[in-house]
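Colleague: Requesting a structural model of the entry that follows:
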Amino acid sequence: AANTMPKHWLAPLAPGMQFARHHLLRLGVALYGLRLTFGAIAALGVGGVVVPLTMLVATLLFGTWVGSSIFGLSRREAILVSAGSAVCGAAAAIAVSSVVRTDDRQTAVAVATVVLFGTVGMLLYPWLYELATLHWHLAISERSFGIFAGATLHEVAQVIASGKMVSDGAADAAVVAKMVRVLALGPLLLVMALWPRTSWSQESGGSRNLRGLLRSVPWFALGFVAVMALNSAQMVPADWKPVLIGFDNWMLACAMLAIGLHTRIGDLLRAGRKPLALAGVLFLFLMVVGAALCALLV
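Modeller: Numbers count the residues shown, from 1 in each chain. Predicted structure coming up:
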């Protein structure tokens, strides 16, 4: 709809769409913890934690090297695009931009690449799963697919949507794997800000970096863990649970609708060839290496 409707038709909806993309999505992710328990996480095994963290570190290092050495991007912009692919999409790109001091254009480009390739992956992954299991007769469990999606897709909303296209169980595993990456954002920002050899850590005062870090902490991920802890301890009244889960489904649906209405193909194609090329390489890297790790460890 966003690519067929005139922009002025969507303009009055802009404040509501922004609220849904940011606040409703984060609250919806936090309340998603009502569906899970720590026992469910333990059932994922070591692979459910190792695969997402390995993909995060490998993607960030590989993307920074490819972007700066092969595509000729500045190290800051290469890190920015890589962080969006490696951690948690647009939120990671915006958070990292506050540490490495990129300009608004570079940040917007990084966010655009996340939206483009994350959306492609969201639609492509379930189709590949169906192709692999039904036509190629490969023994890939829904749990394995969920961990793969959570470890390699960009945005939280994309992870949930892709998992739901397969099954609720796949979505649950995907969200847990994704939260491992999201929770790693805080430590990653801290390392980047305090690393002594980075020029951006010397350009601004420590207090300013600390304030930026606190603003960038993914509090919704901590909320997800807190809600899951309450659910594990059976502290959520049984009568409330269906109502809260229904409300959570509504918030996530609104957030996904807002993201779709905000995505225009023309804006993405104008982002720039080199950042788009880097994001495309990282997308393939995430798929291939992520699938290999899941086959070995999950």
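Colleague: how deep is the closest residue to Gly39 other than its chain neighbours tucked in, by neighbour count?
Modeller: Closest residue in space to Gly39, ignoring its immediate chain neighbours: Ser232 at 7.0 Å, by C-beta to C-beta, 6 or more residues apart in numbering. C-betas here are computed from N, CA, C, even on glycine. Ser232 has 16 neighbours, counted by other C-beta atoms under 10 Å.
Colleague: which stretches of the stretch 51-200 of the chain have low pLDDT?
Modeller: 98, 104, 195-200 (pLDDT under 70).
Colleague: Roughly how far does the residue lying closest to Gly72 once chain neighbours are set aside sit from Gly280?
Modeller: Nearest residue to Gly72, sequence neighbours excluded (C-beta to C-beta, 6+ apart): Lys274, at 6.8 Å. Shown here: Lys274 relative to Gly280, a distance of 11 Å by C-beta to C-beta, to the nearest Å.
Colleague: same deal with Leu257?
Modeller: Applying C-beta to C-beta to Leu257 and Gly280 gives a distance of 26 Å.
Colleague: got it, and Val156?
Modeller: For Val156, the distance to Gly280 - C-beta to C-beta - is 22 Å.
Colleague: the more surrounded of the two?
Modeller: Neighbour count, other C-beta under 10 Å: between Val156 and Gly280, Val156 has more, with 30 against 14.
Colleague: I figured that one hits Val176, correct?
Modeller: No: using C-beta atoms under 8 Å, Val156 is not in contact with Val176; the gap is 11.7 Å.
Colleague: related to what we said a few turns ago, check contacts around the residue nearest to Gly72.
Modeller: Gly67, Phe71, Gly72, Leu73 (C-beta atoms under 8 Å, 6 or more residues apart in numbering).
Colleague: Which of those are buried? Put it as a PyMOL command.
Modeller: A single PyMOL command selects the buried members of these (16 or more other C-beta atoms under 10 Å):
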select buried, resi 67+71+73
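Colleague: Quick one: the contacts of Lys274 as CSV, columns for secondary structure and distance to Val49 too.
Modeller: Formatted as CSV, the contacts of Lys274 follow (DSSP: H, G, I helix; E, B strand; the rest coil; distance: C-beta to C-beta, whole Å):
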residue, secondary structure, distance to Val49
Gly67, helix, 27
Phe71, coil, 32
Gly72, coil, 36
Leu73, coil, 31
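Colleague: Distance to Val57 for the contacts of Lys274 - can I get that in CSV?
Modeller: Converted to CSV, the contacts of Lys274 look like this (distance: C-beta to C-beta, whole Å):
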residue, distance to Val57
Gly67, 16
Phe71, 21
Gly72, 24
Leu73, 20
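Colleague: quick check, nearest of the contacts of Lys274 to Val225?
Modeller: Of all the contacts of Lys274, Gly67 has the smallest distance to Val225: 32.2 Å, by C-beta to C-beta.
Colleague: So the closest one versus Val109, what's the distance?
Modeller: In terms of C-beta to C-beta, Gly67 sits 12 Å off from Val109.
Colleague: and for those two, which residues touch both?
Modeller: Glu77, Val81.
Colleague: most residues in a single helix of this structure, which one?
Modeller: As assigned by DSSP state H, the longest helix anywhere in the chain is helix 104-130.
Colleague: what's stretch 247-259 in contact with?
Modeller: 16-18, 20-21, 24-25, 27-29, 31-32, 34, 115, 155, 157, 160-161.
Colleague: From those, which land in helices?
Modeller: Gly16, Met17, Gln18, Leu25, Leu27, Gly28, Val29, Leu31, Val115, Ala157, Ile160, Ala161.
Colleague: With the flanking residues excluded, which residue is spatially nearest to the third one?
Modeller: Distances taken as C-beta to C-beta, 6+ apart put Ala258 closest to Gln18, at 7.7 Å, once the chain neighbours are dropped.
Colleague: got it, and the first one?
Modeller: Using C-beta to C-beta, 6+ apart and skipping the chain neighbours, the partner closest in space to Gly16 is Ala258 (7.5 Å).
Colleague: so how far is Leu25 from the one you found?
Modeller: On the measure of C-beta to C-beta, Ala258 and Leu25 end up 8 Å apart.
Colleague: Kindly report the same for Val111.
Modeller: 14 Å.
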